[in-house]
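Asks: dropping the sequence and predicted coords here.
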Amino acid sequence: MSSKIRLLNHDVINKIAAGEVIENPSSVVKELVENSLDAGATEITVEIKGGGRQLIRITDNGCGMSPEDAALCLERHATSKIHDIDDLSTLVTMGFRGEALASIASVSKFTLVTRQAEDPVDLGTLVVVEGGKLLQSTSAARSPGTTIEIKSLFDNVPVRKKFLKSPAHDGAEVFKVMSVMALGNPDVKFQLIRDGKNVLNAPVTKGGLKERVGSVLGKEFFKACLPVESETIHGFVGNPSYTRHNRLGQYLFINRRAVISPVISRAVREGFGTTIPAGRFPVFVLHWDMPTFDVDVNVHPQKKEVRLRDEEGVIHTVREAISRSLRKKEAPQPVVASTFTRPPVYHPKPAPAPTVCESVVTYAVEEEVVHPEFKWTVEVAGPQVMTTVQGFILAEPEDGGGILLIDQKRAHHRILFEKMNKADGRAAMQTLAVPIQIDLTPIEADVMRQNLERLETFGFSIREFSKQAFLVDAIPQSFSNIDVGAMIKDIMEDLQVYPVAADGVREKQFARIALRGTISSQSKLSLPEAQELVKKLWNCQDKDQCPSAHRTWVLLDGEKLRELV
């Protein structure tokens, strides 16, 4: 009988490995820049075109390779960084598996030019590989260091290429990777050139990590941060009033390697005690110098996650370092998460006797409520409001049976969502009398440029004002009395997490934006405000639940009421 099990050929093995290590252009950049750092480079320049699909070129001034090493480095599991299994417990290099170059060369047109400092000028090495096949290996002149050029990434693996996102998204991901590398290595000069434009320039300065944080994340980010110093930890943490609604502002480095550690992130949060509200996360750039035997980086193929030997000790050390930083220096004047000056608020043309309640503005006019949010033609009268309490509306059902308990925040969320998410997929705008300037970090500004058209579908009109500043000319028509700067800042964070513009994702983004315009669950509505809210809810296509899939109302009938008594 013929055997059903067979050995895979070398080409298939490399392409499978590429799928594990190389997800997209930013993965290529990460692996190659880590190799440059391991080679002792103090200057690293990355050039990309077409988001990295057309071209990725990485040039460094590291130690370079001999002709023999230049040929051997393209063999799978060929590495200079470990010799036996025991070396894994004492790793100080970024890479060590020897998979990256072989994997990348198998799915691209690959060129390597390298030279050691001790070699003559004309004894550098040129290696050309296409689809994993060696086409050329010869001598070439070059200054000490290495240049690797990648073209036509994934062209010979159409299935992998099909799952790539847009070139703009890939370019933004490369920008983020380079920003993280620059934060992790303040003594190395980094430069990123994208489609011919220099988009990141991080020189080495006397200010070290302090100035690097300012140049990469923006001066406003740095102004809101406090220094953290201990025997093993150094860096910066945001003061309690400068937080995010997700963990995108958290940069952790263990022995200069950018890693993800839920244990350490949680410990930082605990170090703040009760000074940070629920649902908010601190920002930080922290470097931890840890003995190599105390941390295992051989957990994830891309070395993103780590395993800590003494988790309890780590938690205690981090908590104390953060707590001590907050006690040692009085926090500066509060800086809201948006880091913006309080912007002007849009108001419709004045009407008599306005009554303001959080995000909902109604006008005490006997004939009708004219707030722009409530200009729909009311076809269904809806239940009759009886009274209101903090966060809730009590209303009498139309059939008179029992009491309706309506969650005002969830109801408002449903109303705003349906008004924004119209059939044509574009939310109506309201023009601001005075444009609002917002200042972003370099990473956020880069995301903003890639998403201006999509933000327009959400109801925002935004234009670039300077390298890190933008002007907001219009906001969604449904909103009023909102902090526009804080909302835009949050949206930028969301777009980094949810970059795809597919219909399902678009609706989720509409839902998140609508949530930021809702009334507070801590407020108590007046009877006219509550009645308008109930009418609008009853005219929604799905009045029973908010976009987050929570109930907007419950019916307390006679039986349920008796259970409560």
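Replies: Perfect, I can see it now.

Asks: give me the neighbour count for Q54.
Replies: 15 (other C-beta atoms under 10 Å). (Glycine included, C-beta is placed from N, CA and C.)

Asks: please parse this protein into its domains.
Replies: Domain segmentation of the chain under automatic domain parsing yields 10-202, 209-328, 354-555.

Asks: let me know the average pLDDT across the second one.
Replies: In this model, domain 209-328 has an average pLDDT of 86.

Asks: and it, how far out from the chain middle?
Replies: 16 Å (C-alpha atoms, centre = their mean, to the nearest Å).

Asks: and if you look at stretch 30-44?
Replies: Distance, centroid of stretch 30-44 to centroid of chain: 24 Å (C-alpha atoms, centre = their mean).

Asks: now the end-to-end length of that stretch.
Replies: 12 Å (C-alpha to C-alpha, to the nearest Å).

Asks: can you check stretch 440-454 too?
Replies: First-to-last distance for stretch 440-454 - C-alpha to C-alpha - comes to 18 Å.

Asks: wait, what's in contact with the residue nearest to E507 when sequence neighbours are not counted?
Replies: Spatial nearest neighbour of E507, chain neighbours left out: N421 (6.1 Å); criterion: C-beta to C-beta, 6 or more residues apart in numbering. By C-beta atoms under 8 Å, 6 or more residues apart in numbering, the residues touching N421 are A427, E507, F510.

Asks: if I look at the last one, what pLDDT would I see?
Replies: The predicted structure scores F510 at 81 on the pLDDT scale.

Asks: do the same with the one 5 residues further on
Replies: Note for L515: predicted pLDDT of 87.

Asks: now do the buried residues in the strand or helix carrying it.
Replies: According to DSSP states H and E, L515 maps onto helix 503-516. Within helix 503-516, the residues scored as buried using 16 or more other C-beta atoms under 10 Å are R506, Q509, F510, A511, R512, I513, A514, L515, R516.

Asks: what of stretch 195-203?
Replies: Those would be V199, L200, A202, for stretch 195-203 by 16+ other C-beta under 10 Å.

Asks: still on that earlier bit, distance from the chain centre to the helix holding L515, please.
Replies: The chain centroid and the centroid of helix 503-516 are separated by 16 Å, computed with C-alpha atoms, centre = their mean.

Asks: list the buried ones in the helix or strand following that helix?
Replies: For helix 503-516, the succeeding helix or strand toward the C-terminus, using DSSP H and E, is helix 527-538. For helix 527-538, the buried set under the neighbour-count rule, 16+ other C-beta under 10 Å, comprises P528, E529, A530, Q531, E532, L533, V534, K535, K536, L537, W538.

Asks: can I get those residues in CSV including distance to E118 and pLDDT?
Replies: Output for the buried residues of helix 527-538, formatted as CSV (distance: C-beta to C-beta, whole Å; pLDDT from 0 to 100):
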residue, distance to E118, pLDDT
P528, 84, 93
E529, 79, 92
A530, 81, 94
Q531, 84, 94
E532, 80, 93
L533, 77, 94
V534, 81, 95
K535, 82, 94
K536, 77, 93
L537, 76, 95
W538, 81, 94
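
Asks: and which of those is nearest G171?
Replies: K536 (41.6 Å; C-beta to C-beta).

Asks: wouldn't the closest one be in contact with I415 here?
Replies: Yes: counting by C-beta atoms under 8 Å, I415 is a contact partner of K536 at 4.7 Å.

Asks: can you tell me the centre-most residue of the protein?
Replies: The structure's the chain has its C-alpha centroid closest to Q496; by C-alpha atoms, centre = their mean the separation is 3.7 Å.

Asks: returning to that earlier point: so which residues make contact with the helix holding L515?
Replies: Contacts of helix 503-516 (C-beta under 8 Å, 6+ apart): 413, 416-417, 420-421, 425, 427, 457-458, 476, 478, 482, 486-487, 490-491, 494-495, 498, 547-548.

Asks: which ones among those map onto helices?
Replies: H413, L416, F417, M420, T457, A486, M487, D490, I491, D494, L495 (DSSP state H).

Asks: neighbour-wise, which one of these leads?
Replies: Within these, L416 tops the neighbour count with 28 neighbours, counted by other C-beta under 10 Å.
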